[in-house]
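In: based on what follows, work out the 3D shape:
(one chain, ligands or ions: 2)
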Amino acid sequence: MALAVMDTNKRYGLVSRVLHWGMALLFVWQFSGAAARVFLEDTALESFLWGTHRTVGVTLMSLVLLRVLWALINTSRRPPSVSIMAKLGHLALYGLMMAVPTIALIRQYGSGRALDVWGINLMSGFEGERIDWMVNLGGLLHGELGWTLLALIVGHIVMAMLHRKLTNHDVLTRMA
Ligand code: HEM
Ligand code: HEM
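Out: Ligands and ions are numbered 1, 2, ... in the order given. The predicted model follows:
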């Protein structure tokens, strides 16, 4: 059967899948860059992977906004969650996918430095004192919540595999 554009209660539709797997690839790239920053400091691989962190981060943020909108439009159609834990887990993924880049953008603004993404000037920057609370918020939370998101993603993948192997809810066929 051809894949529908919208979700159905048996499986996710085309748009949800493109968003899910496309963003999954971008997250692999984003976390490889973050890991390179920690483990491969001052190497060519670090500048290659880390060099796109802001651009890919802003791109992911735009995609997650579309994804939230799409999820809302499809709430009544989507495959039902297998458990309350699955529902809460997906909600937490959405929460962190929004919070992590938002906090980074607040810090970026507060630093007074300009931000260009894909040739578009998103922030023009300003002269004078940086805005301390904005910079400190990012310093405190951006990296930490970023790594928390990675841990949750790993848990998400493990749970998808476990559901496939151990229960008769093969959730992978809904998304893959
Ligand atoms: C969903 C998108 C994003 C994810 C998953 C993410 C993840 C991370 C992680 C895990 C770190 C910690 C690296 C370390 O421990 O050294 C980090 C650092 C950083 N990120 Fe992001 N990031 C995202 C978006 C952004 C955006 C949009 C910006 C800027 C506009 C940004 C700017 C930075 C900067 C400047 C650092 C280094 C300072 C720090 O550790 O907080 N990130 N990011
Ligand atoms: C190899 C990697 C991945 C696998 C095997 C995988 C598997 C799945 C499966 C099977 C579902 C459907 C679950 C259900 O119907 O109950 C799903 C949904 C979901 N996944 Fe993943 N996933 C992966 C990566 C990711 C990543 C990187 C994220 C980003 C945070 C993510 C976020 C979500 C969310 C939020 C849902 C709920 C449906 C939606 O709103 O799109 N997944 N995933």
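In: need the contact list for residue 28.
Out: By CB atoms under 8 Å, 6 or more residues apart in numbering, no residues touch residue 28. To be clear about C-beta, it is placed using only N, CA and C from the backbone, and glycine gets the same treatment.
In: isn't there a helix covering it?
Out: Yes - when DSSP: H, G, I helix; E, B strand; the rest coil is applied, residue 28 is found to be in a helix.
In: what's the per-residue pLDDT of it here?
Out: Looking at residue 28, its pLDDT stands at 98.
In: which intervals of this structure have sub-threshold pLDDT?
Out: 1 (pLDDT under 70).
In: who in the chain is up against ligand 1?
Out: Proximity of the chain to ligand 1 (CB under 6 Å from any ligand atom) is limited to residues 30, 34, 37-38, 53-54, 57-58, 60-61, 100-101, 104-105, 108, 115, 138, 142-143, 146-147, 149.
In: contact partners for residue 154?
Out: So residue 154 contacts nothing (CB under 8 Å, 6+ apart).
In: now the host helix or strand of it: how far from the chain's centre is it?
Out: Following DSSP states H and E, one finds residue 154 within helix 132-166. Distance of helix 132-166 from its chain centroid, counting by CA atoms, centre = their mean, to the nearest Å, is 9 Å.
In: quick one: residue 33 and residue 49 touch, right?
Out: Yes - the pair residue 33 / residue 49 is scored as a contact, 4.0 Å apart, by CB atoms under 8 Å.
In: show me where this protein has its helices.
Out: 14-39, 44-50, 53-73, 84-111, 132-166, 172-175 (DSSP state H).
In: would you format those helices as a markdown table with distance to ligand 2 included?
Out: Shown next, in a markdown table, are the helices of the chain (distance: least, CB to the nearest ligand atom, whole Å):
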| stretch | distance to ligand 2 |
| --- | --- |
| helix 14-39 | 4 |
| helix 44-50 | 17 |
| helix 53-73 | 5 |
| helix 84-111 | 4 |
| helix 132-166 | 4 |
| helix 172-175 | 4 |
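In: now residue 175: how far from residue 128?
Out: Distance from residue 175 to residue 128, counting by CB to CB, to the nearest Å: 49 Å.
In: typo on my end, residue 110
Out: Separation of residue 110 from residue 128 (CB to CB) stands at 12 Å.
In: the two - which one has more neighbours?
Out: Between residue 110 and residue 128, counted using other CB atoms under 10 Å, the more crowded position is residue 110 (19 against 6).
In: wait, residue 175 sits on residue 14?
Out: No - under the criterion of CB under 8 Å, residue 175 makes no contact with residue 14, lying 11.7 Å away.
In: residues in contact with the residue nearest the centre of the chain?
Out: Most central in the chain under CA atoms, centre = their mean is residue 97, positioned 4.0 Å from the mean C-alpha point. Shown in contact with residue 97 (CB under 8 Å, 6+ apart): 60, 64, 67, 149.
In: right, I'll call it a day here.
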